[in-house]
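>>> I'll drop the sequence and a predicted model, then ask my questions.
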Amino acid sequence: MVTPDQIKHTALDVPYGDHSPAQKLDIYLPTAGHAPYPVIARIHGGAFLSGDKADGSHLPMLEGLKRGYAVVSINYRLSPEALFPALIHDVKAALRWIRANAAQYGFDPQRIASWGDSAGGYLSLFAGVSAGVRELEDLSLGNPDQPSNVQAVVAWYPVTDFLKMDEQVSAYGLKPGNGLHADAHSPESLLLGARIGAVPDLVKMANPETYITPAAPPFLLQHGTKDDLVPTLQSIHFAEMLEMAIGRDKVLLDLMEGARHADPVFNTPANVKRVLDFLDRSLR
């Protein structure tokens with residue numbers, strides 16, 4: 001697997017906004033292929049509380065360098081610093097920055113895919129469904145003349161509907177792996193600044209299902225059937241809603257039998273190849 005020290009062309013800790021020190025990204029350019037390069041916008045997980053653009057979970061995405069993809073790994077404001085929807089504002093600002101700086105780095109602004117895991121998978125879904133949604137865009141973060149949409153989405157074990165998580169974990173015969181999501185101190189409640197059961201309207205706003213339209217790009221969702229942190233039904237229901245809006249041919253749902261949250265099976269060469277094959281087809 002590619003490691004950052006093997007990559008010759010990088011630009012690290014590049015600011016894409018000036019509202020927070022968190023608003024930085026890392027750029028990895030391929031040595032193969034020719035510019036303009038399609039872009040993988042990688043979004044880290046960490047329960048909205050932690051994680052980093054260079055925390056090691058970006059290594060599967062760096063395999064895209066071998067196929068001529070540029071990889072841009074994005075940091076964003078975490079819930080201890082800023083509540084929803086600041087993290088989505090940040091991701092979309094980073095996407096606008098990628099397009100605004102396409103000529104400098106050799107990016108192809110017409111071929112950008114988001115790829116994230118867990119909380120990053122959630123943000124990857126939002127990148128795919130929220131184009132043109134004004135309340136999910138903070139243009140003061142820069143490059144207001146650029147679009148923030150993506151042309152393909154990959155999401156590993158993403159959360160979608162906060163209010164259904166506890167019952168869905170139980171539906172699979174599992175016990176929640178880190179306590180109840182409805183608790184006032186759950187990652188979801190901390191992201192919204194209130195216990196999720198007390199703010200159903202805000203929960204709906206924070207659910208990417210709310211924004212699905214026929215304009216959404218192709219999606220690949222992958223989720224383990226033994227995930228006791230983010231229930232498998234989150235991805236199943238999201239995929240069903242997507243299929244109704246954009247057609248079955250544009251939605252791939254892989255249920256990884258027996259896999260748990262952040263299971264090593266997601267990072268295997270065979271699975272990373274499947275993801276990159278999907279991106280090749282979607283961005284060609």
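Noted; the coordinates are in hand.

>>> which phi and psi does Val14 have?
Phi and psi for Val14, reported as degrees, to the nearest 10, are phi -80, psi 120.

>>> Provide a list of residues in contact with the spatially closest residue to it that is not a sequence neighbour.
Spatially, and ignoring its direct neighbours in sequence, Val14 is nearest to Leu25 (5.5 Å; CB to CB, 6 or more residues apart in numbering). For the C-beta atoms, the positions are set from N, CA and C on the backbone; glycine is no exception. By CB atoms under 8 Å, 6 or more residues apart in numbering, Leu25 lies in contact with Val14, Tyr16, Lys53, Val72, Ser73, Ile74, Asn75, Ala94, Trp97.

>>> what segments of the stretch 151-284 of the chain are strands?
Per DSSP state E, counting those that start in this stretch, the stretch 151-284 of the chain carries strands over the ranges 152-156, 219-224, 251-256.

>>> okay, those, which one's buried deepest?
The highest average neighbour count among these, using mean count of other CB atoms under 10 Å, belongs to strand 152-156 at a mean of 29.

>>> so for it, mean pLDDT?
Across strand 152-156, pLDDT averages out at 98.

>>> and it, what does it pack against?
On a contact count with 3 or more CB pairs under 8 Å, 6 or more residues apart in numbering; DSSP states H and E, strand 152-156 meets strand 107-117, helix 119-129, strand 219-224, helix 269-283.

>>> so for the closest residue to Ile27 other than its chain neighbours, what's the pLDDT?
Spatially, and ignoring its direct neighbours in sequence, Ile27 is nearest to Ala11 (4.2 Å; CB to CB, 6+ apart). Note on Ala11: pLDDT of 95.

>>> Ala11 contacts Phe107, correct?
No: assessed by CB atoms under 8 Å, Ala11 is found out of contact with Phe107, at 11.8 Å.

>>> who's more crowded, those two?
Neighbours around Ala11 and Phe107, counted as other CB atoms under 10 Å, are more numerous at Phe107. The numbers are 23 against 14.

>>> tell me the bridge partners for that one.
Going by DSSP bridges, Phe107 is paired in beta bridges with Tyr37.

>>> just the ones of the contacts of Leu25 in strands?
Of the positions in the contacts of Leu25, Val14, Val72, Ser73, Ile74 sit in strands, assigned by DSSP state E.

>>> distance check, Phe84 against Leu190.
Distance, Phe84 to Leu190, by CB to CB, to the nearest Å: 10 Å.

>>> equivalent analysis for Gly132, please.
Gly132 sits 28 Å away from Leu190, going by CB to CB.

>>> can you check Val265 too?
Relative to Leu190, Val265 is positioned 29 Å away (CB to CB).

>>> compare the two (neighbour count), which wins?
More crowded of Val265 and Leu190, by other CB under 10 Å: Leu190, with 21 against 15.

>>> would you mind measuring from that one to Ser124?
In terms of CB to CB, Leu190 sits 21 Å off from Ser124.

>>> what's the answer for Asp249, then?
From Asp249 across to Ser124, the span is 20 Å (CB to CB).

>>> show me which of the two is the more surrounded one.
Using other CB under 10 Å, the more surrounded residue of Asp249 and Ser124 is Ser124, with 29 against 8.
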